[in-house]
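dropping the sequence and predicted coords here.
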Amino acid sequence: MSVELPLWRALTGYRILTLVYTLCLVGLSYQNYEHPLGAAAYMGALTVWMVLTWRRTTSAERCTRHFLLADLGFAVGGILLTPLVDTHARIMDGAPTLPSIWTAGAVLGFAIKGGWRWAAVASSAVAVANLVERQELARDTIHNVVLVWVASVAIGYVVEVARASERTLARALQIEAATRERERLARDIHDSVLQVLAMVQRRGAAIGGEAAELGRMAGEQEVALRTLVAGGLVSPPRAAAATVPHPAGEGAADDAVAAAPAAPAAPAPEPAGDGPCDVRALLAPFAGAGVTFSEPGAPVELPAAAAAELAAAVSAALDNVRVHAGDGARAWILVEDEPRAVIVTVRDDGPGIPEGRLADAEREGRLGVALSIRGRLRDLGGAAEWVSVPGQGTEVELTVPKGTAPEGGRRGKARA
């Protein structure tokens, strides 16, 4: 709902209530007017005007400039008509004008529609009409004029600020939605295309000959694709040479491992349907000679889409173990079923992650951790935390609140 809608509703209510008050005020003083029939005629015309136009102030689209000018004309006309129907003594004693406080509704319409500048013009017109009606700079008249002017200008300014805030919020929501969709696409690309290109590069360099040229081309395409999917998410890669095969020599093997992930692991089975899914069934296939899987004795249920995303994040974490910890490293998967969340811990006995390495990888466009793991958990409303001690391995704790599902529903087959 627009921030302006409550203001228009409040203005409509104000106009109706102040009309009733003004009718009562004129009715109680009817015998005191010099020409009571003139006062009654004006109040009748004002009532008819309100009946015909009350819906005009329910929205910005209905409240046109022509209506605002006509409404202000009724208010100013009533003020200027007061000396013709009321006695000079009553006016000098501070008797209210014919439209009384209903006049403020006409000015507030300008404030809500056009901001403080429109409000200043409308309130100035009312001020001039009040001074003409009173024919002197009386204290109560000046007080009322200043009150209407300040209140209308302040409300107009608040309306302008509210509109600017609403536009900023709408733009921020659009950017957030576009960023999340871009991250989802980048995550899917990382889980499939980038890993295949890296594998082709590594195998081509190992085979040599024409295959080495194919591997080199695959490496170039991997760099270009990483730069494309990283655009708008992280800074561009600092050096494209990180994934180009190095000549044989010291350090070449380490660079190749950092640039090219191992072959993707077998995907976890897809959950059937959209109902609750046992997380254990999706994580059990990851167990093997180098991976130990520990689970509770009872089912650990999450919505099917959330469970699949969690399994994909675990698969990405195991890929990182295979790439960075070496073929001889062992990994342990522990599933914990807490009252409000499911926690999956992936631990390995590798060399650990040097301090600042994850941030460097993200800046270089290597989005395995940023998107395949952390991005998935963020979309589920959860979190991913890393604890790594050099020489003692790495531990990744994945937390998913119960009852969650990825934004936008199921987001394709999870691959790692």
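Okay, I see it.

which element is residue 158 on?
Per DSSP states H and E: residue 158 is located in helix 139-189.

what about the helices in the stretch 151-300 of the chain?
For the stretch 151-300 of the chain, the helices defined by DSSP state H, counting those that start in this stretch cover 195-207, 210-230, 252-259, 279-283.

pLDDT-wise, which helix or strand of the protein ranks last?
Every helix and strand of the chain was ranked by mean pLDDT, DSSP states H and E. The lowest is helix 252-259, at a mean of 34.

so residue 323 versus residue 224, what's the distance?
Distance from residue 323 to residue 224, counting by C-beta to C-beta, to the nearest Å: 21 Å. (Each C-beta comes from the backbone N, C-alpha and C, glycine too.)

these two: which is more packed in?
residue 323 (18 against 12; other C-beta atoms under 10 Å).

what about that one, which SS state?
Here residue 323 is helix, with the state taken from DSSP: H, G, I helix; E, B strand; the rest coil.

strands along the stretch 301-416 of the chain, start to end?
Per DSSP state E, counting those that start in this stretch, the stretch 301-416 of the chain carries strands over the ranges 301-303, 331-337, 341-348, 383-388, 394-401.

and those strands, which one is worst for confidence?
Mean pLDDT values for the strands of the stretch 301-416 of the chain show the minimum at strand 383-388, a mean of 84.

what helices or strands is it leaning on?
Here strand 383-388 touches helix 374-379, strand 394-401, going by 3 or more C-beta pairs under 8 Å, 6 or more residues apart in numbering; DSSP states H and E.

TSV for these, including distance to residue 115?
As requested, the helices and strands packed on strand 383-388 are exported to TSV (distance: least, C-beta to C-beta, whole Å):
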stretch	distance to residue 115
helix 374-379	39
strand 394-401	43
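
dump those to JSON lines, plus mean neighbour count.
Formatted as JSON lines, these follow (neighbours: other C-beta atoms under 10 Å):
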{"stretch": "helix 374-379", "mean neighbour count": "22"}
{"stretch": "strand 394-401", "mean neighbour count": "21"}
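
out of the ones you listed, which is closest to residue 319?
Smallest distance to residue 319 across the helices and strands packed on strand 383-388 (C-beta to C-beta): 11.7 Å, for strand 394-401.

alpha carbons only: can I get that closest one in CSV?
Provided in CSV are the C-alpha atoms of strand 394-401 (Å, rounded to 0.1, in the frame of the first residue of the first chain):
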residue,chain,number,x,y,z
THR,A,394,38.2,-26.9,8.0
GLU,A,395,34.7,-27.0,9.5
VAL,A,396,31.7,-25.6,7.7
GLU,A,397,28.5,-25.3,9.7
LEU,A,398,25.3,-25.0,7.6
THR,A,399,22.2,-23.8,9.5
VAL,A,400,18.7,-23.9,8.0
PRO,A,401,15.6,-22.7,9.9
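
give the pairing partners of it; include direction for each.
Partners of strand 394-401 in the sheet, by DSSP bridges, are strand 341-348 (antiparallel), strand 383-388 (antiparallel).

deepest-packed of those, please.
Highest mean neighbour count among these (mean count of other C-beta atoms under 10 Å): strand 341-348, with a mean of 21.

which other residues reach it?
Here strand 341-348 makes contact (C-beta atoms under 8 Å, 6 or more residues apart in numbering) with 279, 283, 300, 302, 310, 314, 317-318, 321, 325, 329-336, 382, 393-402.

give me that answer again for 7 Å
Contact with strand 341-348 is made by 279, 300, 302, 310, 314, 317-318, 321, 325, 329-336, 393-402, as judged by C-beta atoms under 7 Å, 6 or more residues apart in numbering.

which among those count as buried?
The neighbour-count test (16 or more other C-beta atoms under 10 Å) marks 279, 300, 302, 310, 314, 317-318, 321, 325, 329, 331, 333-335, 393-400, 402 as buried among the contacts of strand 341-348.
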